[in-house]
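S.K.: Only the shape, not the letters, is given here:
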């Protein structure tokens, strides 16, 4: 999610970016030369910029790169001296940099930028490029491009989704199918036309097979797998980052399935699935574990070993992933027979989470234990007694209460 736009206030790209931010109401600012210097005189006061100590452009360029998470350069052709300076400084700092030639994107700039922002976890975005005198019309082009992009990538872009497919507005469904808008509800996810979306999501031209052939199976998980299988057959993992960083949550889900279908060893799959396991969209996080689950079933010892460090990750999403993907039963997936008969093998995952502060994690751990209670109620009772004897936190109490729900229901 973009929280702030940073730019230098020059005519052209700089002001186009600031205008887009101001138009949709997100934070913006940045550094400008002393005296608010620009090619047209003084930078207008509506742009909330701070002045550097000197009137030189290089100083503000360096400080804007320093104070941002990544720099986006937008241009129409050959980079001018000022824009080239921005590129060099960004390279020197090692911070993320994306250069997009708007004259050559064929309408794909939004998806390219969206993917890069997600993959680089950019929250404060520095936007730079040529001034208006050297690239006439670029300010307006940048304003329109970023306005539409930022509407989908800022906290204010959150919207309430439709609860029923029949209630989805036509314009929303069109954007969902084009891959420019994320779903907000299960109904919206089920309403997406995978075939149409697939055509929009391709990084390179390909002839799609007939829809009836590609999506012969029914059920959303089977259709997700079918789309990913075709993408993997066409691209392998060569364009995986494109799909994993796509603006559509459905496409990012396909990326998870592509990874699951690949020939990589489980350890490498778990390394690469991390961005999707920690995705801001809850649906993508679900696809991220469902897609890798068959691999876990085939190599449980490796999974338990590689996932244990995730239980101490700062992100609750990552901690929850370690628990959810190893549940003995789970949902929408095959059971893990080894953990149903010997759930004690999973304690390396569970014990570090026994008092986790996040309810998102607590619920997964409780469900893990509840799964195990269906085959080993004695073991679950023993684990809960052990935890409660050593921890009286509300989190542990809540986990154990929910973990024993099936055991207690049967005892009545």
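M.R.: Structure received. Values in this document were obtained by computation on a predicted structure and should not be read as measured data.
S.K.: switch to C-alpha atoms for all contacts and neighbour counts from now on
M.R.: Will do.
S.K.: low-confidence ranges in this protein?
M.R.: 105-108, 154-158 (pLDDT under 70).
S.K.: Can you tell me, leaving aside adjacent residues, what's nearest to residue 19?
M.R.: Using C-alpha to C-alpha, 6 or more residues apart in numbering and skipping the chain neighbours, the partner closest in space to residue 19 is residue 143 (6.2 Å).
S.K.: Next, count neighbours for the one you found.
M.R.: 22 (other C-alpha atoms under 10 Å).
S.K.: What strand or helix carries it?
M.R.: Secondary structure from DSSP states H and E places residue 143 in helix 138-151.
S.K.: and that helix, which residues are buried?
M.R.: Buried residues in helix 138-151, counted by 16 or more other C-alpha atoms under 10 Å: 138-143, 145-147, 149-151.
S.K.: Which single one of those residues is nearest to residue 187?
M.R.: Among the buried residues of helix 138-151, residue 151 lies closest to residue 187 (C-alpha to C-alpha), at 21.6 Å.
S.K.: measure that closest one to residue 205 for me?
M.R.: Look at residue 151 and residue 205: by C-alpha to C-alpha, to the nearest Å, they are 28 Å apart.
S.K.: cool, residue 277 as well?
M.R.: 29 Å.
S.K.: Those two - which one has more neighbours?
M.R.: Set residue 277 next to residue 205 and count neighbours by other C-alpha under 10 Å: residue 277 wins out with 25 against 9.
S.K.: list the contacts for the more buried one?
M.R.: Contacts for residue 277 (C-alpha atoms under 8 Å, 6 or more residues apart in numbering) come out as 284-286, 288-289, 317-318, 321.
S.K.: of all those, which two lie farthest apart?
M.R.: Largest separation among those by C-alpha to C-alpha: 284 and 318, giving 12.7 Å.
S.K.: quick one: residue 179 and residue 86, what's the gap?
M.R.: For residue 179, the distance to residue 86 - C-alpha to C-alpha - is 31 Å.
S.K.: ditto for residue 66
M.R.: Residue 66 is 11 Å from residue 86, by C-alpha to C-alpha.
S.K.: again, but for residue 22
M.R.: Distance from residue 22 to residue 86, by C-alpha to C-alpha: 23 Å.
S.K.: out of these two, which sits in the more crowded spot?
M.R.: Counted by other C-alpha under 10 Å, residue 22 and residue 86 do not tie: residue 86 has more neighbours, with 23 against 18.
S.K.: so that one touches residue 59, yeah?
M.R.: No - the criterion here is C-alpha atoms under 8 Å, and residue 86 misses it with residue 59 at 10.6 Å.
S.K.: domains of this protein?
M.R.: 4-157, 159-298, 312-412 (automatic domain parsing).
S.K.: Kindly check the end-to-end length of the shortest one for me.
M.R.: Terminal residues of domain 312-412 lie 37 Å apart, using C-alpha to C-alpha.
S.K.: Same question for stretch 75-85.
M.R.: One end of stretch 75-85 sits 14 Å from the other (C-alpha to C-alpha).
S.K.: And the helices in the stretch 51-200 of the chain?
M.R.: Along the stretch 51-200 of the chain, counting by DSSP state H, counting those that start in this stretch, helices occupy 57-66, 81-93, 109-120, 138-151, 170-178, 186-191, 194-201.
S.K.: which residues in the protein form strands?
M.R.: Here the chain has its strands, by DSSP state E, at 4-6, 27-29, 31-32, 37-38, 41-42, 50-51, 70-75, 97-101, 124-128.
S.K.: Please name the nearest non-neighbouring residue to residue 144.
M.R.: Using C-alpha to C-alpha, 6+ apart, the nearest residue to residue 144 is residue 20, at 7.1 Å.
S.K.: count of neighbours near that neighbour?
M.R.: 25.
S.K.: How about the contacts made by it?
M.R.: Going by C-alpha under 8 Å, 6+ apart, residue 20 touches 143-144, 146-147.
S.K.: wait, which of these is closest to residue 2?
M.R.: residue 146 (11.1 Å).
S.K.: okay but the closest one is in contact with residue 19, surely?
M.R.: No - proximity of residue 146 to residue 19 does not meet the contact threshold set by C-alpha under 8 Å, at 9.2 Å.
S.K.: What separates the first and last residues of stretch 43-62, distance-wise?
M.R.: Using C-alpha to C-alpha, the two ends of stretch 43-62 sit 19 Å apart.
S.K.: what's the spacing between that stretch and its chain's center?
M.R.: Offset of stretch 43-62 from its chain centre (C-alpha atoms, centre = their mean, to the nearest Å): 33 Å.
S.K.: re earlier: closest one to residue 219 among the strands of the chain?
M.R.: Nearest to residue 219, of these and by C-alpha to C-alpha, is strand 97-101 at 38.0 Å.
S.K.: Please list the residues outside that closest one that contact it.
M.R.: 70-77, 87, 90-91, 109, 113, 116.
S.K.: could I get these as TSV with neighbour count?
M.R.: Below are the contacts of strand 97-101 laid out as TSV (neighbours: other C-alpha atoms under 10 Å):
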residue	neighbour count
70	25
71	26
72	22
73	21
74	24
75	25
76	17
77	13
87	22
90	22
91	12
109	19
113	20
116	23
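S.K.: Out of those, which comes closest to residue 225?
M.R.: Of all those, residue 225 sits closest to residue 116, with 24.5 Å by C-alpha to C-alpha.
S.K.: Excluding sequence neighbours, find me the nearest residue to the closest one.
M.R.: In space, residue 116 is closest to residue 245, 6.6 Å off (C-alpha to C-alpha, 6+ apart).
S.K.: mind listing what that neighbour touches?
M.R.: If you count contacts by C-alpha under 8 Å, 6+ apart, then residue 245 has 114-119, 252 around it.
S.K.: switch the cut-off to 10 Å
M.R.: Contacts for residue 245 were tallied using C-alpha atoms under 10 Å, 6 or more residues apart in numbering; they are 111-120, 251-252, 255, 275-276, 279.
S.K.: Could you do residue 367 as well?
M.R.: Contact analysis of residue 367 by C-alpha under 10 Å, 6+ apart lists 323-324, 327-330, 361, 373, 399-400, 402-405.
S.K.: Equivalent analysis for residue 366, please.
M.R.: Residues in contact with residue 366 (C-alpha under 10 Å, 6+ apart) are 323, 327, 350, 354, 372, 396, 398-405.
S.K.: Same check on residue 249?
M.R.: Contacts for residue 249 (C-alpha under 10 Å, 6+ apart) come out as 176, 179-184, 189, 243, 255, 276, 279-285, 287.
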